[in-house]
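1. starting from these lines, generate the structure:
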Amino acid sequence: MSSFICKKFSMALNSVASCLMRPPKDEILDELFMVQHKIMENLNSAGRWDGTLFTFGVMGNSSESITKIHDGKYEFQVNVNFPFELKPIRDERRPGFVMLQAGELVDHPAVVNGFLQRDALACWFLFIINKDGTNIRNFSLDGEEFIMSFSLINIRSSVHLICKPVLQFDFSKWPLPYPEVPDGGLSFRNHPWYAVPRVTVPLDKRSFMVWAPDWERFLMEWNCHANKVLLLMRKIMEQMEIYLPLDVVKSIILRNIQILPFDLGNCFLAVFEAFVNDLQEGKVTPFLVDSVNMLQIGSNYEAKIEMYHYTASNLLITFKNVKSRALADQVKTGGDNQSCGPDNWITVLHLLFGN
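-> Numbering: from 1, shown residues only. As a prediction, this is how the structure comes out:
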C-alpha cells in the first residue's frame, strides 16, 4: 500500500508545506555586518598589494551575504581568487576531495611545496584579517572553519560568525568521476564548483573538499517536490527535537533524487524512510563526497543518533498509518476533498507538524 498514490495525503502535505514556504526572515544583527565589512576591508586591502581578489558568497548561495545556521551561529563565504593558477588534482585516498597544485615556482604564504595547504591558508587568512589590530575579539581557528566569537554588548550574548574561504573552478577543471544524475550532468557544464577547507582522514593538509551548490540546486529542482519535502523534514526535525543540520536531509534527497516518486506523499515517505535507514547505519555523506560522515557531530554522537533513529522510526510508522487512513478515506469519498466520518486523519497530520 505504501507505493499507492493517495491524492488526499499529498494534498494535505502540500497544505502544510505551503505554510512553511515563507518562514519569518531571520534578522541579522547589525554588529555582524560591521564585523563582516571590516573583514572584507582588510582582505581587499591585502588583495590590492598581492593581486588576490576577494568576493562575497558563491554562485549557488549569493542572495544573502550572511546566513543564520542556528541561534547564535552565522556564516558567510569568501570567494578567494589567487593571482596564480591552481590545478585541481583528484585525491585518490579521500573520495570527494582534491589537491590544488600551484607549481613549484609559486611563492605565496598559502602555498607549501607547490600545493595550497589548509594550515598555511588559515594562517595567511588570519594574519590579513587581524593585521591592523581590529576589534574582532577572541578570533580562533577551529579545524576546517574560521570562527570569530565576540560579545555583543547591547544584548550580552556570545555570537559565532564563521567565515568560510572557498575557491571557484570551472566545470572543465572537474577532476572527479561525474555523479550519476539526470541528463548525465550536462546541465552542470555552465556552473562552477568549489574547493573548501575540510579536515578528513587519512589526514593530508593539501586536501580540500569539493562543493557544488549550483549543481545541488539543479538537482533539487529536477523533482518538483524535493524542496517541499526538505521543508517538511525541517519542521518534523524541529518538532521531534532531532538536532541535525538540514544539509543531512538535503544530501539524502540529492543522493536519491533519481528514484524519488513524483507524488508528494510518496516522495515525503521515501525520503523519511531513507532518513531512518541512514540513521540506523549511522552514516550520511555529503553529495559528491563519500569520505565524510555528516552524523559525526560533537561528543557521544553515537548515542544521540541512536535516540534520533528510535524517534524517527516510530514517527515513520505513524505517517504511514496516517497515509493508510487517508487512502481509506479517499476510497470512501471517491476522491472528494472532504474527510469522511469521525476518522479525521487531517487533524492528526497537522498535529504531527505542530499546527
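
2. now the closest residue to R234 other than its chain neighbours: how far from L219?
-> Using C-beta to C-beta, 6 or more residues apart in numbering and skipping residues adjacent in sequence, the residue nearest R234 is L246, 5.4 Å away. For every residue, glycine as well, the C-beta is placed using N, CA and C. For L246, the distance to L219 equals 16 Å [C-beta to C-beta, to the nearest Å].

3. between the two, which one's more packed in?
-> L219 (24 against 15; other C-beta atoms under 10 Å).

4. surely the more buried one and L254 touch.
-> Yes. If you go by C-beta atoms under 8 Å, L219 and L254 touch, sitting 5.4 Å apart.

5. overlap in contacts of these two?
-> Shared contacts of L219 and L254 (C-beta atoms under 8 Å, 6 or more residues apart in numbering): F287.

6. OK, contacts around the closest residue to F208 other than its chain neighbours?
-> Of all residues not flanking F208 in the chain, A195 sits nearest, at 4.0 Å (C-beta to C-beta, 6+ apart). Listed by C-beta under 8 Å, 6+ apart, the contact set of A195 reads 88, 98, 100, 166-167, 169, 208-211.

7. next one: phi and psi at A195?
-> The phi/psi pair for A195 (degrees, to the nearest 10) reads phi -110, psi 130.

8. please name the bridge partners of it.
-> With beta bridges defined as DSSP bridges, A195 has these partners: L167, V210.

9. for stretch 107-123, which positions count as buried?
-> The neighbour-count check on stretch 107-123 (16 or more other C-beta atoms under 10 Å) flags 108, 110-112, 115-118, 120-122 as buried.

10. same question, stretch 87-98
-> For stretch 87-98, by 16+ other C-beta under 10 Å, it's 88, 90-91, 94-98.

11. so which elements touch the helix or strand containing L230?
-> Using DSSP states H and E, L230 falls within helix 226-239. With contacts defined as 3 or more C-beta pairs under 8 Å, 6 or more residues apart in numbering; DSSP states H and E, helix 226-239 has these neighbours: helix 7-20, helix 213-222, helix 246-255, helix 264-281.

12. so for N42, which of these sits nearest?
-> For the helices and strands packed on helix 226-239, the distance to N42 is smallest for helix 213-222, at 25.7 Å, taking C-beta to C-beta.

13. same question for the closest one, mean pLDDT?
-> In this model, helix 213-222 carries a mean pLDDT of 90.

14. could you do stretch 52-64 as well?
-> Per-residue pLDDT values over stretch 52-64 give a mean of 67.

15. what of stretch 301-313?
-> Average pLDDT, stretch 301-313: 95.

16. that one: how far from the chain's middle?
-> How far stretch 301-313 lies from its chain's middle: 20 Å, per C-alpha atoms, centre = their mean, to the nearest Å.

17. okay, the helices and strands packed on helix 226-239 in TSV with distance to L53 next?
-> Formatted as TSV, those follow (distance: least, C-beta to C-beta, whole Å):
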stretch	distance to L53
helix 7-20	38
helix 213-222	20
helix 246-255	28
helix 264-281	39
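
18. nothing else from me, thank you.
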